[in-house]
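A.B. asks: Okay, here's the prediction I keep looking at, along with the sequence it came from:
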Amino acid sequence: GGAGGGLADLSSGRLEIGTVDGFQGREKEVIVISLVRSNPKGDVGFLSEDRRMNVAVTRARRQVALIGDSSTVARHPFLCRLVHYLSTHGELRSALDYGAGPSLVQPMNISGAGCAAPARREPADEAQVESALRSTLQAFLADAATGRLRLGADLTSFERMVAHRLCEEMGIDHESVGDGRKRRLILSKAGWEPPK
């Protein structure tokens, strides 16, 4: 609506903002959890209270959205497992998906040694995913006749994350388009012109 529309929504009772403690014993259709810590040391402060985080996550009936700095939270074993679980059973979005420059975004490492989560894929499979994507990207770069490449919506959130990281590493322009299961990655070569 118009001016103050957000306030009207709050007063209608449809949107409730509160702390984990305020939701103890209650549920909501959708829960958005903001992990407010972001620092190079990986200090998660009060987020390290695993039981409280468990309460927060389990308050959602239909959907939970977790927002935070993955490089910070991935240093805490429980939070790392939580992010890993949500990314393998749901959808992972990066700040890169919303236009953040590469200098602001570090690739997520949610299956590294610091994360004791059982991986959905075996480590060899992860290496195979990276190897296959790297081969695809190298072939794309070597093909002078092709300036754009669309990676299909069949990529998992993990595969998209690896593709984003490899594109950054290899200097390939890339953009995520679409929503949900129709999300795909469009790659392009900077300054490419069709051969004459």
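C.D. replies: Perfect, thanks for sending it.
A.B. asks: count of neighbours near the closest residue in space to Ser48 that isn't next to it in sequence?
C.D. replies: Among residues not flanking Ser48 along the chain, His76 sits closest, at 5.8 Å (CB to CB, 6 or more residues apart in numbering). The C-beta positions use only the backbone N, C-alpha and C, and glycine is treated the same way. The tally of other residues near His76 (other CB atoms under 10 Å) stands at 23.
A.B. asks: Look up how far Ser34 lies from His76.
C.D. replies: 16 Å (CB to CB, to the nearest Å).
A.B. asks: So which residues of the chain form helices?
C.D. replies: Listed in chain order, the helices of the chain (DSSP state H) span 5-11, 50-57, 70-73, 77-89, 123-142, 157-170.
A.B. asks: can you pull the alpha-carbon coordinates of the second one into PDB?
C.D. replies: Below are the C-alpha coordinates for helix 50-57, written out as PDB (Å, rounded to 0.1, in the frame of the first residue of the first chain):
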ATOM      1  CA  ASP A  50      22.600 -24.700  20.100                       C
ATOM      2  CA  ARG A  51      19.300 -25.300  22.000                       C
ATOM      3  CA  ARG A  52      18.000 -21.800  21.300                       C
ATOM      4  CA  MET A  53      18.900 -22.200  17.600                       C
ATOM      5  CA  ASN A  54      17.100 -25.500  17.600                       C
ATOM      6  CA  VAL A  55      14.000 -23.800  19.100                       C
ATOM      7  CA  ALA A  56      14.100 -21.100  16.400                       C
ATOM      8  CA  VAL A  57      14.400 -23.500  13.500                       C
END
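A.B. asks: Quick one: mean pLDDT over it.
C.D. replies: What helix 50-57 shows for mean pLDDT is 83.
A.B. asks: what's the answer for the first one, then?
C.D. replies: Predicted confidence along helix 5-11 averages 47 (mean pLDDT).
A.B. asks: before we move on, what about stretch 62-75?
C.D. replies: The average of the pLDDT scores along stretch 62-75 is 82.
A.B. asks: That one: end-to-end distance?
C.D. replies: Chord length of stretch 62-75, first to last residue, is 28 Å (CA to CA, to the nearest Å).
A.B. asks: in it, what counts as buried?
C.D. replies: Buried residues in stretch 62-75, counted by 16 or more other CB atoms under 10 Å: 64, 66, 68-75.
A.B. asks: try stretch 149-157
C.D. replies: Applying 16+ other CB under 10 Å to stretch 149-157 flags 149, 151, 155, 157 as buried.
A.B. asks: what does stretch 46-55 give?
C.D. replies: Residues of stretch 46-55 classed as buried by neighbour count (16+ other CB under 10 Å): 47, 53.
A.B. asks: so how far is that stretch off the chain centroid?
C.D. replies: Offset of stretch 46-55 from its chain centre (CA atoms, centre = their mean, to the nearest Å): 20 Å.
A.B. asks: ok, and what's touching it?
C.D. replies: 20-21, 23-24, 33, 35-37, 73, 76, 78-79, 82 (CB atoms under 8 Å, 6 or more residues apart in numbering).
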